[in-house]
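Asks: coordinates only, sequence not included:
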């Protein structure tokens, strides 16, 4: 009965969003340095993804930004990737410094299509408990949204190359934000992400040694499986299904999936809390389970919180409070 009730709420919430657009399929190799007039797009993407996985250390490498500008609580800096949308190439973030942070800070990455105030309440709670917080706007969100778009559609779309570029850009932006936190004197830094922000956060944690803790609200294995099976991305899959299979898409989008990088956490052992929704119609629960089972197989320490809710309802009372009462003390302890 609870499952049916949660699913009815999830589907009603999804149905209220009427601005979804199904864009046509595109290989998009021009976003990755390919030449559509010269390269076979399928072979190019297969080679690109294989090389990105084999050299993920370089693929996700970046230096500090050339400049950072803090105006009040608004931080800006240039992205490490220059996309074809000028608005998207400046990173925007909101800064919530604690009065006595004692070197503790958390970088927050909201979900896909998050509104500008999303996760601000979490930042304020962290600040109240002595942990500074930096809320990062993902590519194509907030002030980074290109003209003509009502949603952050370029972040996840039937354009294969653009989607690859967007998630890679998000990881590089997050690492540049960590460099800024270090410049402010923060030495104990964590990361918290929700939904696609969780995916980006997991990959960032796997490649950024300065991060000591991670909280992941909704977890999964493969980017493509979420797109092909998830309710929120059904319109994206509609634009892809006639051109690529789910298995092929899994391989092409493997570099922006958390699962290949689980082994990178072995030995480093940052503190990790995985929060999963048992009745999730967007991040299917069997995919979530595969991730922590792999972590258990590799003996990677982590904590797990499974809530009887769905993707949308995790943001609602009582589930949001349930999660918050777990991850805020977790972050305070892990960064102490």
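Replies: Noted; the coordinates are in hand. Please read all numbers here as calculations on a predicted model, not as lab measurements.

Asks: once you drop chain neighbours, what's closest to the spatially most central residue of the chain?
Replies: Geometric centre of the chain, nearest residue: residue 197, 2.2 Å, by CA atoms, centre = their mean. Spatial nearest neighbour of residue 197, chain neighbours left out: residue 109 (3.3 Å); criterion: CB to CB, 6 or more residues apart in numbering. C-beta: built from backbone N, CA, C; applies to glycine.

Asks: neighbours of residue 136, just the number please.
Replies: 26 (other CB atoms under 10 Å).

Asks: now do residue 161
Replies: Residues near residue 161, counting by other CB under 10 Å: 22.

Asks: quick one, helices of the stretch 201-336 of the chain?
Replies: 223-229, 234-240, 246-252, 285-297, 319-334 (DSSP state H, counting those that start in this stretch).

Asks: model confidence over the second one, on average?
Replies: Taken as a whole, helix 234-240 has a mean pLDDT of 97.

Asks: contacts for that helix?
Replies: Identification of contacts with helix 234-240 by CB atoms under 8 Å, 6 or more residues apart in numbering yields 20-25, 156-158, 227-228, 249.

Asks: of these, grab the buried ones for ChimeraX.
Replies: This is the ChimeraX syntax for the buried subset of the contacts of helix 234-240, where burial follows 16 or more other CB atoms under 10 Å:
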select :20,23,25,156,157,158,227,228,249
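
Asks: quick one: neighbours of the residue nearest to residue 197, just the number.
Replies: If you count neighbours by other CB under 10 Å, residue 109 ends up with 29.

Asks: got it, and residue 185?
Replies: Using other CB under 10 Å, residue 185 has 9 neighbouring residues.

Asks: looking at it now. What's its pLDDT?
Replies: On the pLDDT scale, residue 185 is placed at 96.

Asks: on the three-state scheme, it is what?
Replies: Put simply, residue 185 is coil when judged by DSSP: H, G, I helix; E, B strand; the rest coil.

Asks: just the buried residues of the helix or strand of the chain with the lowest mean pLDDT, please?
Replies: Across the helices and strands of the chain, mean confidence by mean pLDDT, DSSP states H and E is lowest for helix 2-16: a mean of 92. Residues of helix 2-16 classed as buried by neighbour count (16+ other CB under 10 Å): 6-7, 9-10, 13-14.
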